[in-house]
Structure formats: C-alpha cells, structure tokens
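Novice: I would like to see how this sequence folds:
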Amino acid sequence: MALTNPIEEQNVVDRFSDYVTDTANSGIVWGTNALPFTEMDSGNFAGTTAGVSISSNLAANLITNNHLITASRIYDVFVNETQQYTNIRKLRAILFVEGDGGNTGSRPTAGSVYDQTSVAHLSTSYRQSLSTVANNNTSTGNTVGVTQLQGFFTNLQTEYNAKRNTVQTIQVDVCHASCHNNCHGSRGRR
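Specialist: Numbering: from 1, shown residues only. Have a look, this model is predicted:
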C-alpha cells in the first residue's frame, strides 16, 4: 500500500506490513499444521504456515502523548515489531533412526532418514535479536518523509531476511522407523 498525504498512523503500519509482515509470512512450509515428519514435536512451532498477524495496537503505539508521530517512535515501534517475526526462519529438520532392530516399512535403514531445510513458523523461543538497523534519517530531530520511511522499512526487511536465513537445526532421534510410545509399552505385555 502506498503512503498517502497526510500520513496517518494506520497508513504507516500498512506500509510496514508490505515490507516486513508480508515478507515474513511468505513461503512458510512448516508450522503447527504441517510438521516436517510425524515424530517432530509440534511444541517446536508457534503457529501455522499462514504466519503472524501484525500487532493490533501498532498504530496506537506510534502516537506520543502529544498526539504526534515522531521519528524516534517510528524507529522503536517498528524495530520491536520486526523482532516479533524473527522466529519465522529456516529450519533444518533431521529424523535420525538410531538402531536397525525392528526397522520395517518405509525406513528400514538406521541413520539419517530425513534431512531437509525449509522456512518454519518456529516457537518464540527461537526468536533472534536484531542487529542495529540503519534508521535512514528516522531519528530524533528529523522530519520523516516518504523516502526516508520507505528506506527505513527496506532496512528492516533486509535485517529480517538475514535472520530468516539463519538456519536452526532440530534433530529428532528415534530407536526405529515406526517408533511409537505404544511400541515400547507393549514390550512388557509380550
């Protein structure tokens, strides 16, 4: 969405969404609704492949007590919001079969049977800290125009993409290919 004149807080939020929110929510392959493999714990994920909604109070947070949108407020609010997306990132998901006993069916061999990397909507415990983001003159004492604002949003998008491409590896080890809790529980009944 293009910025309009006069600039209103929701208009600024919508433009940020074009740069960062839409980037973060694109191409998510794994989430609570689409696990890499059935043995992967869904607790590793914070949400679905649809991604994250922009914070509902973001526009209100842009306004100071004097009912102004200031450059420093723009910087602080949007850096913080961008941070909220950094758990949407690349995941290397590995399924490792430890033993060869009992392996039948689709995974008869011990070792790494699944090793893929895709974008995932990981748990918030996998969030990353942002580096210092160049403010593109959105700083105290400056009048912020459309060019400066869009440059700042580009900087946020670039920083987010760097975090998105930082790969988190999660390996799940199982004793054999069709390992389930009931398998081990049934051994005592034999």
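
Novice: From here on, just use CA atoms for contacts and neighbour counts.
Specialist: OK.

Novice: Phi and psi next, for residue 73.
Specialist: Backbone dihedrals for residue 73, given as degrees, to the nearest 10, come out at phi -70, psi -40.

Novice: Can you give me the distance of it to residue 130?
Specialist: 17 Å (Cα to Cα, to the nearest Å).

Novice: Pull the contacting residues for residue 45.
Specialist: 31-32, 120-124 (Cα atoms under 8 Å, 6 or more residues apart in numbering).

Novice: Let's see which of those residues end up in strands.
Specialist: Among these, DSSP state E puts 120-121 in strands.

Novice: how about the contacts of residue 45 in TSV, adding distance to residue 66 and neighbour count?
Specialist: What follows is these, written out as TSV (distance: Cα to Cα, whole Å; neighbours: other Cα atoms under 10 Å):
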residue	distance to residue 66	neighbour count
31	41	24
32	42	19
120	41	32
121	38	30
122	38	28
123	37	17
124	34	16
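
Novice: low-scoring pLDDT stretches of the chain, where are they?
Specialist: Applying pLDDT under 70 to the chain picks out residues 1-6, 100-108, 139-140, 142, 176-190.

Novice: just the helices in it please.
Specialist: Along the chain, counting by DSSP state H, helices occupy 9-16, 22-25, 58-61, 71-83, 146-164, 181-186.

Novice: okay, those helices in a markdown table with mean neighbour count next?
Specialist: Listed next are these as a markdown table, based on neighbours: other Cα atoms under 10 Å:
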| stretch | mean neighbour count |
| --- | --- |
| helix 9-16 | 18 |
| helix 22-25 | 19 |
| helix 58-61 | 16 |
| helix 71-83 | 18 |
| helix 146-164 | 20 |
| helix 181-186 | 9 |
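
Novice: between these, which gets nearest to residue 95?
Specialist: helix 181-186 (16.5 Å; Cα to Cα).

Novice: Could you dump the helices of the chain into CSV with distance to residue 52 added?
Specialist: Putting those into CSV (distance: least, Cα to Cα, whole Å) gives the following:
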stretch, distance to residue 52
helix 9-16, 14
helix 22-25, 7
helix 58-61, 14
helix 71-83, 11
helix 146-164, 14
helix 181-186, 33
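
Novice: Relative to residue 110, which of those helices is closest?
Specialist: Nearest of the helices of the chain (Cα to Cα): helix 181-186, 17.5 Å.

Novice: Nearest the geometric middle of this structure, what residue?
Specialist: A centroid search over the chain (Cα atoms, centre = their mean) returns residue 88, at 1.2 Å, as the residue closest to the centre.
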